[in-house]
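Participant: Model the following, please.
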Amino acid sequence: MARKTRKAIVTSASRLLLLAILAALSLAAPARAATDIAWWHAMSGELGRQLEKLASDFNASQSDYRIVPVYKGNYTETVTAAIFAFRSRSQPAIVQVNEVATATMTAAKGAIYPVFSLMRDQHEPFSLADYLPAISGYYTDAAGNLLSFPFNSSTPILYYNKTMFRDAGLDPETPPKTWPELGAAAKRLRDRGVACGFTTSWPSWIHVENFSAFHNLPLATRGNGFAGLDAELTINNPVVVKHIAQLAEWQKTKSFDYSGRGQSAEPRFQNGECGIFIGSSATRADIKANSKFEIGYGMMPYWPDVKGAPQNSIIGGATLWVLRDRPREEYKGVARFFAYLSQPGVQAAWHQNTGYLPITRAASELTRAQGFYERNPGAAISFEEITLNPPTENSKGIRLGSFVLIRGAIEDELEQAFAGHKSAQAALDSAVERGNKLLRQFERASPDR
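Facilitator: You can find the predicted model right below:
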């Protein structure tokens, strides 16, 4: 009996020793390293800090993947770097690309991993219906499949100086809703000594691309290029010609004063030189921080005699494209990251901290429920404008090759019209001719030809 007891004790002790050794070995073994996923982007300053916060918050939410943001310069520099990297097999998994390069990216079928395929292959929850059609529609193929992940999207809105409006006898609580109303307000401001009635940034994006969408007019044939590479520009139509001619007429008295391309007009509004400004909704926080007067907000104006106006505005900004030929494990992490970015709380915070649009209706509803729009007048204007009506074939976006170059040609010709060197009709006819040549070059070079 004593021998059996001693044997049982020895056996029990051996088991305990074995368990202790196994536990020690498991503690000593290194934890599985997280998979790094490179994300090349084009955001600097405060926007870059907000982007890095998104990555670090995701990284902290799980231990399997680590998103590594890398700033690569402006949009052109970033996409160019990605193209060269792909050729040398050193491309990132994710690259941020601006919206006007969508057709170029879409044509590079062997280089891109469409988002709808990625989410399906990696079994991550994904429903296109969750995303705002005016945003997601810009980045879908002809079958309605999402090609890239909507990230930073903005749309043009109207800003006005309420102090100037009061001094000029204008109602500071009523923004001009139509172009005739804006023209009258701008003239009133000029009559009261304001140096510039109104100005605008991004001339083609606002006065041709968004103008066309807001008036439910085609920018080009073939569904603005969505239906085929053989699209041709149609921006020399009577409505756009009338609008550009009116701007050129207002330019003579500085009711409208052209301020250049890109965002060069924004400081003129901030420093009180111009009473009305039409620019990106994403500059709202910057304008608010740098303007020493009360700011009013409104939607883009429209011509009331155009049937179907106002329709809805379209977006600018960028999306996240996934590149092929990365290790399989990275793609699981990318899909997980996109699912994370789609969460209402994450999207609401991005929207509120940057001024970019939320990509889902749930994020907008959460922002409203949190009282953000009530505390920040004007912050909801951009969302209301792009969702004003369901997008049509004319207002869901643009899918034209070489559009960065085409936009440059359009702005060359607009400047000729504003300077009085060409009529609006002649300028837009020339823009169409130049743009169509670029479209044909892109068509000939496309593998889908």
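Participant: To what extent is A111 buried, counted in neighbours?
Facilitator: Counted with other CB atoms under 10 Å, the burial measure for A111 works out to 17 neighbours. C-beta coordinates here come from the backbone N, C-alpha and C atoms, glycine included.
Participant: Sorry, slip of the keys, the one I care about is V70.
Facilitator: One way to gauge burial is a neighbour count; for V70, by other CB under 10 Å, it gives 13.
Participant: what's the nearest residue to it if we skip its chain neighbours?
Facilitator: Nearest residue to V70, sequence neighbours excluded (CB to CB, 6 or more residues apart in numbering): W40, at 5.2 Å.
Participant: ok but that neighbour is inside a strand, no?
Facilitator: Yes - using DSSP: H, G, I helix; E, B strand; the rest coil, the secondary structure at W40 is a strand.
Participant: Tell me how many other residues crowd it.
Facilitator: Applying other CB under 10 Å, we find 26 other residues in the vicinity of W40.
Participant: beta partners for it?
Facilitator: V70, V95 (DSSP bridges).
Participant: just checking, it touches P92?
Facilitator: Yes - counting by CB atoms under 8 Å, W40 sits close enough to P92 to count as a contact (4.6 Å).
Participant: who touches both of the two?
Facilitator: When CB atoms under 8 Å, 6 or more residues apart in numbering defines a contact, the residues bordering W40 and P92 alike are 70, 82.
Participant: domain ranges for this protein?
Facilitator: Residue ranges of the domains in the chain are recorded as 35-154+316-375, 156-315+383-445, according to the TED database.
Participant: would CSV of those with mean pLDDT be doable?
Facilitator: Conversion of those to CSV gives the following (pLDDT from 0 to 100):
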stretch, mean pLDDT
domain 35-154+316-375, 93
domain 156-315+383-445, 96
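Participant: Over to the closest residue to F151 other than its chain neighbours. Which of the three states is it?
Facilitator: Computed as CB to CB, 6+ apart, the closest residue to F151 that is not its neighbour in sequence is L320, at 5.0 Å. Classification of L320 by three-state DSSP places it in strand.
Participant: Hmm, L320 is touching V95, no?
Facilitator: Yes - with contacts defined as CB under 8 Å, L320 counts as touching V95 at a distance of 7.3 Å.
Participant: and stretch 357-369, C-alpha only, in PDB?
Facilitator: Only the C-alpha atoms of stretch 357-369 are listed here, as PDB (Å, rounded to 0.1, in the frame of the first residue of the first chain):
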ATOM      1  CA  LEU A 357     -17.700  63.500 -45.900                       C
ATOM      2  CA  PRO A 358     -18.800  60.400 -44.000                       C
ATOM      3  CA  ILE A 359     -18.900  57.500 -46.500                       C
ATOM      4  CA  THR A 360     -21.900  55.800 -44.800                       C
ATOM      5  CA  ARG A 361     -25.300  57.100 -43.900                       C
ATOM      6  CA  ALA A 362     -24.800  55.500 -40.400                       C
ATOM      7  CA  ALA A 363     -21.800  57.700 -39.800                       C
ATOM      8  CA  SER A 364     -23.800  60.800 -40.700                       C
ATOM      9  CA  GLU A 365     -26.700  59.800 -38.500                       C
ATOM     10  CA  LEU A 366     -24.300  59.100 -35.600                       C
ATOM     11  CA  THR A 367     -22.700  62.500 -36.100                       C
ATOM     12  CA  ARG A 368     -26.100  64.200 -36.000                       C
ATOM     13  CA  ALA A 369     -27.100  62.200 -32.900                       C
END
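Participant: ok, residues contacting it?
Facilitator: Identification of contacts with stretch 357-369 by CB under 8 Å, 6+ apart yields 130-132, 135-136, 150-151, 153-155, 281, 315, 342, 344-345, 347-348, 350-352, 373, 380, 382-383, 386.
Participant: and with 6 Å instead?
Facilitator: 130-131, 135, 150, 153, 344, 347-348, 351, 382-383 (CB atoms under 6 Å, 6 or more residues apart in numbering).
Participant: Please apply the same query to stretch 224-244.
Facilitator: Residues external to stretch 224-244 that are found in contact with it (CB under 6 Å, 6+ apart): 208, 215, 217-218, 220-222, 306, 398-400, 417, 424-425, 428-429, 432, 435-436, 443, 446.
Participant: chain center to it, what's the gap?
Facilitator: A distance of 22 Å separates the centroid of the chain from that of stretch 224-244, by CA atoms, centre = their mean, to the nearest Å.
Participant: Could you do stretch 313-322 as well?
Facilitator: 4 Å.
Participant: cool, stretch 97-108 as well?
Facilitator: Centroid separation for stretch 97-108 versus its chain: 13 Å, with CA atoms, centre = their mean.
Participant: Quick one: end-to-end distance for that stretch.
Facilitator: The separation between the terminal residues of stretch 97-108, taken as CA to CA, to the nearest Å, is 13 Å.
Participant: From W179, how far off is R190?
Facilitator: Relative to W179, R190 is positioned 16 Å away (CB to CB, to the nearest Å).
Participant: Please read the previous query as pertaining to P156.
Facilitator: Separation of P156 from W179 (CB to CB) stands at 14 Å.
Participant: and if you look at S395?
Facilitator: When S395 is compared with W179 (using CB to CB), they lie 18 Å apart.
Participant: Among the two, which residue is more densely surrounded?
Facilitator: S395 (28 against 21).
Participant: Confirm that G275 sits in a helix.
Facilitator: No - under three-state DSSP, G275 falls outside any helix and is assigned strand.
Participant: residues touching it, list them.
Facilitator: G275 makes contact with 161, 164, 189, 194 under the criterion CB under 6 Å, 6+ apart.
Participant: quick one, what contacts the closest residue to G316 other than its chain neighbours?
Facilitator: With CB to CB, 6+ apart as the measure, S154 is the residue that lies nearest to G316, at 5.4 Å, once sequence neighbours are left out. The neighbours of S154, taking CB under 6 Å, 6+ apart as the test, are 280-282, 316-317, 356.
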